[in-house]
Structures are given as structure tokens and as C-alpha cells.
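>>> Just the structure for this:
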Amino acid sequence: MAATVITEPGYTQRIDVWLWTVRMFKTRSAATSAVRGGHIRVDGNPVKAAQKLSLGQEVRIRKPGFEKILKVRGFLATRGGAPLAVQCYEDLTPAPDPVLRAPVPRRDKGTGRPTKKDRRALDRLRGRE
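So this is what the prediction gives:
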């Protein structure tokens with residue numbers, strides 16, 4: 001039996017189950033731990049794992065380095081494939097700042113610590129005069 005997206009008005013689902021079925025977390029226990037740890041907010045408010053989620057609500061998932069913002073568009077009764085899971089939410093996450101996505105500068109192996117002159121040149125390059 002193939003999983004289908006449920007978009008009935010009035011249908012609700014636990015937040016931890018929804019996060020797991022739409023593939024935001026690998027396991028349901030990981031989703032539950034994230035909710036209990038305060039990393040998940042619904043409409044700007046902290047939630048408990050058993051809180052019911054309904055259509056149109058905004059879910060914020062805080063992960064190291066960024067925050068993902070999703071709007072609930074549907075539910076899955078069981079965990080399905082990724083193409084099906086994507087139909088259950090609208091991603092409202094803003095594009096990341098390109099400066100933050102730049103690779104970390106690396107020095108060649110064996111060159112030792114940067115000299116004061118090298119450090120000042122790096123600071124000028126980064127705009128930290």
C-alpha cells in the first residue's frame with residue numbers, strides 16, 4: 001500500500017511524528033529529543049512532543065549553524081519516500097548569507113603559524129581593518 005498525503009482540514013498529528021514522517025529527522029526518537037531539547041518551535045512558541053500540529057502552522061527547526069522554517073501543507077500516516085515528504089511542507093527558509101557559505105581559508109601543511117604580516121593581510125582581506 002502506497003502512502004498518500006493527507007490534506008483534510010481538521011486533521012492533526014503529533015509534532016514529533018510529523019517531523020519524522022517528512023524526513024527532517026532520521027528517527028522518531030531523534031525528533032522527540034529535538035522537541036524536548038527546545039530546538040523546535042511552532043508558530044514561534046516552544047512545544048512538547050505530543051502537541052498536535054495542524055495545516056498552515058509554521059514549524060521552526062533549529063540545527064547547528066542554521067534554522068529551517070517550514071509551513072505545514074499535509075501529513076503522512078507513515079514515513080514515505082522523499083518526493084512524497086516534500087509535498088507535506090513549504091520551505092520558507094531564507095537563502096543563507098553567501099559570506100557564511102564561503103570556505104574556510106586553509107594554510108598549506110608545514111608552513112607553520114601565520115606571521116603578524118600574514119595575519120594583518122588576512123584581516124584586510126576579510127574587511128576587519
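
>>> In three-state terms, label Ala30 for me.
helix (DSSP: H, G, I helix; E, B strand; the rest coil).

>>> correction: Glu67
strand.

>>> Is it in contact with Gly44, as I believe?
No - using CB atoms under 8 Å, Glu67 is not in contact with Gly44, being 12.0 Å away. (Glycine included, C-beta is placed from N, CA and C.)

>>> Find residues that contact each of those two.
Arg60 (CB atoms under 8 Å, 6 or more residues apart in numbering).

>>> more neighbours, the two?
Glu67 (12 against 7; other CB atoms under 10 Å).

>>> quick one: contacts for the more buried one?
With CB under 8 Å, 6+ apart, Glu67 has these contacts: Arg60, Ile61, Thr93.

>>> OK, contacts around the last one?
What that stands for is Thr93. Residues counted as contacts of Thr93 (CB under 8 Å, 6+ apart) are Phe66, Glu67, Lys68, Ile69, Leu70.

>>> Neighbour-wise, which one of the residues you listed leads?
Busiest of the contacts of Thr93 [other CB under 10 Å] is Leu70, holding 20 neighbours.

>>> Just the element for that residue, please.
strand 66-72 (DSSP states H and E).

>>> what's the neighbour count on Phe25?
20.

>>> Helix, strand, or coil at it?
The three-state label given to Phe25 by three-state DSSP is coil.

>>> Look up the closest residue to it, ignoring the ones flanking it.
Excluding the flanking residues, the one nearest Phe25 by CB to CB, 6 or more residues apart in numbering is Ala31, at 4.0 Å.

>>> In this structure, where is pLDDT below threshold?
Applying pLDDT under 70 to the chain flags the ranges 1-2.

>>> Just give me the residue right at the centre of it.
By CA atoms, centre = their mean, the mean C-alpha position of the chain lies nearest to Lys68, the distance being 3.6 Å.
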